[in-house]
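1. Show me how the following folds:
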Amino acid sequence: MKKYLVEFIGTFFLILTIVCTVVGGAGAMAPLAIGSILMVMIFSGGHISGAHFNPAVTLAVFLRGKCDASDVPFYMIAQLLGGALAAVVGIYIVTNMEGVTEPVASQFAATHAVPALLAEFLGTFALCWVVLHTATAKGTEGNSFYGLAIGFTVLACAYALGGISGGAFNPAVALGVSVAGMSAWSNIWVFLVANFAAGAVAAFAFKFVNGDD
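-> Next up, the predicted model:
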């Protein structure tokens, strides 16, 4: 139960930061805040749950062999619940700020499905690839930089690919921004397909490169 609570809390603050910075008007600074909150939440919870905070990461870690099958559904449920609740809380906070209006469902747009699918796949692959190599590999076991590496991966990919798809790279984020009204529900399939596919591919790529791990 402790692991699932950590996953809920970490995912909650990740999505809360996304909603409050994007809708609240942080502009170009939003990815910095998002990458930073992910980093500190990973450092705070990594020793308890592995600090996935992302169903696609959970899938990748499971396929890599570092997450028990019995934990997978509960991790994902905790992450999705955290994301949905964070969206509700975040929208309540920011829409009661002076000068902030209701979000427009174009902030996480997938108007052009193929570029959005590719952007989400690449960003999620990069994230899962870095997680697997810095947080699960024998060669980097016990390192002190894994949270920074993972947070900066999201930061870099948000700047590089966020303008194409919104830069979710996480099914829990996709749910959260849909609940918050920042993305049309009709777009959620783009995120889910690309994110989970990237998690699976990253796991198989890791096992191919690190066959003796």
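
2. in this structure, which spans are helices?
-> For the chain, applying DSSP state H gives helices covering 2-24, 30-49, 55-64, 72-94, 113-135, 146-165, 171-179, 188-209.

3. Excluding residues flanking it in the chain, which one is nearest the residue positioned nearest the centre of the chain?
-> Centroid check for the chain by C-alpha atoms, centre = their mean gives residue 170 as the closest residue, at 3.7 Å. The shortest distance from residue 170 to any non-neighbouring residue, by C-beta to C-beta, 6 or more residues apart in numbering, is to residue 54 (4.3 Å). For glycine as for every other residue, the C-beta is placed from the backbone atoms N, C-alpha and C.

4. where does the one you found land on pLDDT?
-> We have a pLDDT of 98 for residue 54.

5. now residue 24
-> Value for residue 24, per-residue pLDDT: 88.

6. Distance of the residue lying closest to it once chain neighbours are set aside relative to residue 17?
-> Using C-beta to C-beta, 6+ apart and skipping residues adjacent in sequence, the residue nearest residue 24 is residue 94, 4.6 Å away. As judged by C-beta to C-beta, to the nearest Å, residue 94 and residue 17 stand 11 Å apart.

7. ditto for residue 132
-> From residue 132 to residue 17 the distance is 24 Å (C-beta to C-beta).

8. out of those two, which sits in the busier spot?
-> residue 132 (26 against 22; other C-beta atoms under 10 Å).

9. any idea what sits nearest that one, other than its immediate chain neighbours?
-> Nearest non-adjacent residue to residue 132 (C-beta to C-beta, 6+ apart): residue 206, at 4.4 Å.

10. Spit out the contact partners of the one you found.
-> 60, 64, 129, 132-133, 137 (C-beta atoms under 8 Å, 6 or more residues apart in numbering).

11. cutoff 7 Å now
-> 64, 129, 132-133 (C-beta atoms under 7 Å, 6 or more residues apart in numbering).
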